[in-house]
Structures are given as structure tokens and as C-alpha cells.
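**Student:** Would you be able to build a 3D model of this:
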Amino acid sequence: MQRRRACQLGVAALTPILLTPQLSLAGPGEAASAAPPELTNLRQLAQAQMRFFGLLIYDIRLWAKDAVDAQNWPQQVLALELEYARSLSGTEIAKRSLTEMRRQSEIGSEQAQRWLAEMEAAFPDVKAGDRISGLNEPGAGINFFVNGRLQRSIKDPVFSRLFMGIWLAPQTSEPKLRKQLLGSAAGGA
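**Tutor:** Numbers count the residues shown, from 1 in each chain. Below you'll find the model as predicted:
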């Protein structure tokens, strides 16, 4: 029944948060992909593939200057880059993101509506090959880039922490993904 319902929703309604990760880390001596223009001062630390019912939805990459501390990642300059393998609705990505942000903290309805509007402006509908990068600026907020071009800056450190926390916070719905992205430092954190 659950599988039939997911199929009825269609691939466009699927979001990164509902998917099962298949992860790999770029180890010493392995070639990590070249940094996109918006992330040139960072290096790729981890990469994963998100799949649903075997379908590749997107690749996710963690970028940072140095190793990311599982306890203090909100205070570090880092980015998450998603490269999509198929079409998804930007509105649905924004809605699911808000749901996942609420796993970490209570968000009032007025704040939720403001943040949802910001995310809807930041996330266009995507197709295969499109990239969305979120660059965390500690204490300042987050910049969203679509295919290398600045799409939206949200100058709110709480929003930035909760958004990046979708993948990096202990309350994530994907703890295995978190552990892979943050390495062994995420073990029990």
C-alpha cells in the first residue's frame, strides 16, 4: 500500500529527505570533483547518491575548508551541493525542507510561512543536471546558488542552522547520511 501511494504521488513530489542514501567519501589520493565556481575556496569532503525505489534522484556533496566538526558544524563555512538526476518541483522541495527543519526545533506559523516563501524563491523546479548549492555563512545566514548563480541570500543564522541541519543535525531523518557526510566525528553526536 505504501509503495502504491508513493508511486501515485509521482517522482515530482519526491524530495531529498525521503530517500535512501548510498554514500561514498573522497579519501586521500582519490580525485574529488572540481569545485563549482561558487565553492572555489572549499574542498569536497564527502559525496552521496540519494535513491528512491532504485531511481537516482540526486548526488549530494559536502564542501568545506577543513574537516567538519559534528558538534560545531554551524560555526563552520561549509556547503551542501545537490546535483539532480531528474525533475522535481521546487515548491515540494521547499515544503519538505520546512517539515524536516521542524524535526530540530519548534517553528511558529508566522516564521514558517516567511521561511517557506524564502525557500520557494530559492528553489526553482529542477531537471536532470541542475545543481543547487547552499553555502553556510556562520553567524550570518546562507546563500543559495542554482547552477552556479546566486539565487537567494537568507540572512538568518537560525534558518541556516536548521536548513543545513536537515542533513547535518543529530535530529536528521537520515542519521546514516549524517554520519557519512560528517565522518567518524558524527558517531554518537
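
**Student:** What distance do you get for residue 54 to residue 180?
**Tutor:** 19 Å (CB to CB, to the nearest Å). The C-beta positions use only the backbone N, C-alpha and C, and glycine is treated the same way.

**Student:** From the neighbour counts alone, determine which of those two ranks first.
**Tutor:** Using other CB atoms under 10 Å, the more surrounded residue of residue 54 and residue 180 is residue 180, with 21 against 6.

**Student:** The host helix or strand of that one - contacts with which helices or strands?
**Tutor:** Using DSSP states H and E, residue 180 maps to helix 175-182. On a contact count with 3 or more CB pairs under 8 Å, 6 or more residues apart in numbering; DSSP states H and E, helix 175-182 meets strand 20-25, strand 43-52, strand 55-64, helix 157-168.

**Student:** So the most centrally placed residue in the chain, which state does it fall into?
**Tutor:** In the chain, the centroid-proximal residue (CA atoms, centre = their mean) is residue 80; its distance is 5.4 Å. Of the three states, residue 80 takes strand according to DSSP: H, G, I helix; E, B strand; the rest coil.

**Student:** how about the nearest residue to it, chain neighbours excluded?
**Tutor:** residue 134 (5.3 Å; CB to CB, 6 or more residues apart in numbering).
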